[in-house]
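Asker: Sequence plus the predicted model coming up.
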Amino acid sequence: MALILCVETSSTNCSVALASDDTSVTNANSYQVAHCADFIEDNSSSYSHGERLHVFIDDLLKRNNLTVQDLDAIAVSEGPGSYTGLRIGVASVKGMCYALDIPMIAINTLESLSLQNTLPSDYTIAMLDARRMEVYASVYQGKELVETTKAVVL
């Protein structure tokens, strides 16, 4: 069973999750889930990633009776997004992966967002607030990138 710790710090949301390819894994509430075994998130506007990220990781592993040595890889948002949030997430994951000698998986934030579209449509435009009246945006046709990430003024 592959076990991947997932870290998201590209926006105001600071979250960690455990992903598993074992469909018999249940989360802390005993609900069976196919891929996301458990998660912790904070979606406040305080950008407190530096304070909460490692606490969330520790809490998530403890409540699932795991240690960092049980992880097979760690996935992290590579952006676009909050520069400071991304630095905190990537630096933390890079340090953990180096110490544990496991792979680091970089996930494009907008690509991940685009995959949430389950409506029958030809195109998906994934956007993330870049502040100052701008958004980061990418256009996808199905799962294929059609227009690369740009900062767009609204």
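Answerer: Arrived safely, thanks for sending.
Asker: so where do the helices sit in this structure?
Answerer: With DSSP state H applied, the chain shows helices at 49-63, 83-100, 109-114, listed in chain order.
Asker: Pick the most deeply packed of those helices.
Answerer: helix 109-114 (a mean of 20; mean count of other Cβ atoms under 10 Å). Yep, even glycine has a C-beta here, placed from its N, CA and C like the rest.
Asker: Now that we have the helices of the chain, can you turn them into a markdown table and tack on distance to residue 142 and mean pLDDT?
Answerer: Formatted as a markdown table, the helices of the chain follow (distance: least, Cβ to Cβ, whole Å; pLDDT from 0 to 100):
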| stretch | distance to residue 142 | mean pLDDT |
| --- | --- | --- |
| helix 49-63 | 32 | 93 |
| helix 83-100 | 27 | 95 |
| helix 109-114 | 9 | 91 |
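Asker: how about TSV for those helices, with distance to residue 130 added?
Answerer: Output for the helices of the chain, formatted as TSV (distance: least, Cβ to Cβ, whole Å):
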stretch	distance to residue 130
helix 49-63	17
helix 83-100	10
helix 109-114	11
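Asker: quick one, which of those helices is nearest to residue 14?
Answerer: Nearest to residue 14, of all the helices of the chain, is helix 49-63, at 4.5 Å by Cβ to Cβ.
Asker: report the angle between the axes of the closest one and helix 83-100?
Answerer: 40 degrees (axes from the mean of the first three to the mean of the last three Cα atoms, to 10 degrees).
Asker: out of the helices of the chain, which comes closest to residue 2?
Answerer: Residue 2 lies closest to helix 83-100 among the helices of the chain, at 14.3 Å (Cβ to Cβ).
Asker: what's the closest one in contact with?
Answerer: Around helix 83-100, the neighbours that count as contacts under Cβ atoms under 8 Å, 6 or more residues apart in numbering are 7-11, 14, 47, 49-50, 53-54, 68-69, 71, 73-74, 76-79, 103-104, 106.
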